[in-house]
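> heads up, no residue letters with this:
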């Protein structure tokens, strides 16, 4: 990243046509995103925000720090922490469920006799 050209926002510039080198407007960004989304059926219904959140969670899982992830995806460290909390909460819940299943398998439950005959 140290070798990347430094320039003010926005970070995405148009790559072709008469607007080459100019920033994308929000409408142009959505049109380009929709065009690309149609090429890949798996992306049906995907939105940039969701893709960014998934990228943050994946990068978190790979061990990057919040500051590193913030630099990679171009959003605030606070937002990165928000996404991370969600992912961490989900992972922690899965650990608890796994531990409960393992504990249940190790424990033999004996039923009390009530003294009543059937």
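Perfect, thanks for sending it. A quick note: this is a predicted structure, and the numbers were derived from the prediction, not measured.

> now stretch 22-42: average pLDDT?
Per-residue pLDDT over stretch 22-42 has a mean of 86.

> can you pull the buried residues of that stretch?
Neighbour-count burial for stretch 22-42 flags 24, 33, 37 (criterion: 16 or more other Cβ atoms under 10 Å). Using the backbone N, CA and C atoms, a C-beta is placed for each residue, glycine as well.

> let's have those residues in JSON lines, adding distance to residue 94 and secondary structure.
Converted to JSON lines, those look like this (distance: Cβ to Cβ, whole Å; DSSP: H, G, I helix; E, B strand; the rest coil):
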{"residue": "24", "distance to residue 94": "38", "secondary structure": "coil"}
{"residue": "33", "distance to residue 94": "32", "secondary structure": "helix"}
{"residue": "37", "distance to residue 94": "30", "secondary structure": "helix"}
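
> between those residues, which sits nearest residue 53?
Nearest to residue 53 among those, counting by Cβ to Cβ, is residue 33 at 15.4 Å.

> my read is that the closest one contacts residue 50, right?
No: with contacts counted by Cβ atoms under 8 Å, residue 33 stays clear of residue 50, the gap being 11.6 Å.
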